[in-house]
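J.: Just a sequence and a predicted model for now, questions to come.
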Amino acid sequence: MRQIKFRELNLEDFQLYGSFTDMLAPDGYCFEGAGFRFYRDCTQQYLGTGAQASFSLCEVQERPFVIDCSEYHNYCAEAILPLDGDILMHVGPAVSSESPPLDEIEVFRVPKGTLVVVKPGVWHHAAFAFQCQKVNILCILPERTYMNDCHVRELEGDDRLEIVLD
């Protein structure tokens, strides 16, 4: 049997075969909000026939469990994968209005390593780190969805929702 030694992954030697990104230590441009950072479009994957997935990282920090913002995408689903901790994630059904259906919002605990795919039109937003200080979340969407198909609504006053733990 022949033997072969492994090599440490590096851009110069691997570029012939593809690309890679350290999703737990992103170094690109990011959007910041209250308790989260969103590193957009860290790398892309061509899916054939013109389709391309873009991989972004949303780093959520410990913050009050108050839903004060929600968003939806009309033309694509979003894949969400908490990499290193559990998250609390709110979702609401797709509706025909420009406002989230507050009485129908639900919150789920998503264990680390569990891939969730949110359908087009479903209301959601940056998750909450659950029982930890920070969680890195891999988000998979078409490139530049945050600019081309992200409908965000701020929730104020009595429209905000507090997540209650048992």
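T.: Here it is on my side, so go on. Remember, predicted model here, so these are calculated numbers, not experimental data.

J.: residue nearest the centroid of the chain?
T.: The chain has C139 as the residue nearest its centroid, 3.4 Å off, counting by Cα atoms, centre = their mean.

J.: where along the protein do the strands fall?
T.: 30-33, 36-48, 51-61, 66-67, 69-72, 78-82, 87-91, 106-110, 116-118, 128-129, 134-142, 151-154, 161-162 (DSSP state E).

J.: ok so, going back, return the per-residue confidence for the residue nearest to the centre of the chain.
T.: C139 carries a pLDDT score of 96 in this model.

J.: Kindly report the same for Q3.
T.: Reported pLDDT for Q3: 86.

J.: K112 now?
T.: What the model reports for K112 is a pLDDT of 94.

J.: and if you look at L155?
T.: Confidence score, pLDDT, at L155: 97.

J.: Look up how far L161 lies from it.
T.: 7 Å (Cβ to Cβ, to the nearest Å). For the C-beta atoms, the positions are set from N, CA and C on the backbone; glycine is no exception.

J.: Ok, A53 next?
T.: A53 sits at a distance of 31 Å from L161 (criterion: Cβ to Cβ).

J.: and for L155 and L161, which residues touch both?
T.: Contact with both L155 and L161 is made by residues I67, L102, according to Cβ atoms under 8 Å, 6 or more residues apart in numbering.

J.: Okay, now the unreliable bits of this protein?
T.: Of all residues in the chain, none has pLDDT under 70.

J.: show me what contacts D84?
T.: Contacts of D84 by Cβ under 8 Å, 6+ apart are L24, K112, V135, N136.

J.: I appreciate the help and will end here.
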